[in-house]
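K.L.:
Below is the structure, and that's it, no one-letter string:
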């Protein structure tokens, strides 16, 4: 703020003399030039400090960009890991589905095989019992005994 006041003072001072038409004495001119040189030096220092601050800010922004890039890289890695996990989960679910389908098919196949086996045994047992009954009845009925012999069912 001090530099700005000095500049405003100098400009107003110069405008006042210029507008009034006064001439400066050599001592005043030397003082004005000395003040201008001092203002220039102060401005130079101010500009250097400002440039340094901007360089520091640029460095900080570069550091922030670097951290942001690292964070993005880390997030991408995490997302890839999650994608890999989802792929594993889907593969596991397909395996479980295959196992379930295989088990259901095996149970249905076993049930059909067992039913066929039981029906076949039941039929054979029923036929044996029917033949036993017919043979017993054929002992009393000669005509039935003849029919059973003709078909090879009696001895």
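P.N.:
Perfect, thanks for sending it. Quick caveat: nothing in here was measured; it's all calculated off a predicted structure.

K.L.:
Tell me the spacing between the residue nearest to the spatial centre of the chain and residue 70.
P.N.:
For the chain, the residue sitting closest to the mean C-alpha position, by Cα atoms, centre = their mean, is residue 79 at 4.0 Å. For residue 79, the distance to residue 70 (Cβ to Cβ, to the nearest Å) stands at 15 Å. In this view, the C-beta of every residue, glycine as well, is placed from N, C-alpha and C.

K.L.:
quick one, helices of the chain?
P.N.:
2-20, 26-140, 142-150 (DSSP state H).

K.L.:
Output those helices in a markdown table; the columns should cover mean pLDDT.
P.N.:
Converted to a markdown table, those look like this (pLDDT from 0 to 100):
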| stretch | mean pLDDT |
| --- | --- |
| helix 2-20 | 70 |
| helix 26-140 | 92 |
| helix 142-150 | 90 |
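
K.L.:
Can you give me the buried ones in stretch 136-146?
P.N.:
Neighbour counts over stretch 136-146 (16 or more other Cβ atoms under 10 Å) mark 138, 145 as buried.

K.L.:
so how far is residue 43 from residue 30?
P.N.:
Applying Cβ to Cβ, the value for residue 30 to residue 43 is 20 Å.

K.L.:
most remote residue from the protein's center?
P.N.:
Most peripheral residue of the chain (Cα atoms, centre = their mean): residue 142, 89.4 Å.

K.L.:
Contacts only, for it.
P.N.:
Taking Cβ atoms under 8 Å, 6 or more residues apart in numbering as the contact definition, residue 142 lies against nothing.

K.L.:
Begin at 788, not 1, for the rest of this chat.
P.N.:
With 788 as the first residue, the last one maps to residue 929.

K.L.:
What separation is there between it and residue 938?
P.N.:
16 Å.

K.L.:
And residue 827, by the same measure?
P.N.:
137 Å.

K.L.:
Show me which of those two is the more surrounded one.
P.N.:
Remark: of residue 827 and residue 938, residue 827 carries more neighbours, 10 against 7, as counted by other Cβ atoms under 10 Å.

K.L.:
Tell me, how many residues neighbour residue 820?
P.N.:
10.

K.L.:
Could you do the one 3 residues further on as well?
P.N.:
Number of residues near residue 823 (other Cβ under 10 Å) recorded here: 14.

K.L.:
In contact with the closest residue to it other than its chain neighbours: list those residues for me.
P.N.:
With Cβ to Cβ, 6 or more residues apart in numbering as the measure, residue 797 is the residue that lies nearest to residue 823, at 7.0 Å, once sequence neighbours are left out. The contact partners of residue 797, by Cβ under 8 Å, 6+ apart, come to 819, 822, 823, 826.
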